[in-house]
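Q: Provided below are the primary sequence and the corresponding predicted coordinates.
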Amino acid sequence: MTDNKTILITGANSGVGYAMCKFFTHHGYNVIGVSKRTNNLQKLALPALCYYKLDIRRKDDIINVVNRITEIHTIDVLINSAAVFE
């Protein structure tokens, strides 16, 4: 039983992060996906999924998005799946 647990997943727009968003929402969790791009998350349109645009390379972005998220949600699990490529 998920007991309405909320999972925050970074790098949620593609790859492993995207797959985890789909998996956990389909298994009854509330999921918050954050990613530099959100086009794939928008296409999912799942009621248990919300998403925020976030560039993890920018400290100001992190602070702003975390503040917005924590005003609304309580995070039970954090999964860091974001990557930075140069």
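A: Nice, thanks for sending it over.
Q: Could I get the CA-only coordinates of the lowest-mean-pLDDT helix or strand in the chain as PDB?
A: One helix or strand of the chain scores below all others by mean pLDDT, DSSP states H and E: helix 39-44, with a mean of 86. What follows is helix 39-44, C-alpha atoms only, in PDB (Å, rounded to 0.1, in the frame of the first residue of the first chain):
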ATOM      1  CA  ASN A  39       7.600  17.800 -23.100                       C
ATOM      2  CA  ASN A  40       7.400  14.000 -22.400                       C
ATOM      3  CA  LEU A  41       5.900  14.600 -19.000                       C
ATOM      4  CA  GLN A  42       3.200  16.800 -20.500                       C
ATOM      5  CA  LYS A  43       2.200  14.000 -22.800                       C
ATOM      6  CA  LEU A  44       1.700  11.600 -20.000                       C
END
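Q: Which residues does stretch 71-85 contact?
A: 5-12, 15-17, 20, 30, 32, 34-35, 56-57, 69 (CB atoms under 8 Å, 6 or more residues apart in numbering). No exception for glycine: its C-beta is placed from N, CA and C like everyone else's.
Q: got the CA positions of that stretch in PDB?
A: C-alpha atoms of stretch 71-85 as PDB (Å, rounded to 0.1, in the frame of the first residue of the first chain):
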ATOM      1  CA  GLU A  71       4.700  24.800  -0.200                       C
ATOM      2  CA  ILE A  72       2.300  22.300  -1.800                       C
ATOM      3  CA  HIS A  73       3.700  18.800  -1.200                       C
ATOM      4  CA  THR A  74       5.500  16.700   1.400                       C
ATOM      5  CA  ILE A  75       8.200  14.600  -0.200                       C
ATOM      6  CA  ASP A  76       8.500  11.100   1.100                       C
ATOM      7  CA  VAL A  77      11.100   9.800  -1.400                       C
ATOM      8  CA  LEU A  78      13.700  11.500  -3.500                       C
ATOM      9  CA  ILE A  79      15.200   9.700  -6.600                       C
ATOM     10  CA  ASN A  80      18.000  11.500  -8.300                       C
ATOM     11  CA  SER A  81      18.100  10.400 -11.900                       C
ATOM     12  CA  ALA A  82      19.300  13.700 -13.600                       C
ATOM     13  CA  ALA A  83      22.500  13.800 -15.500                       C
ATOM     14  CA  VAL A  84      24.700  16.700 -16.700                       C
ATOM     15  CA  PHE A  85      26.400  16.300 -20.000                       C
END
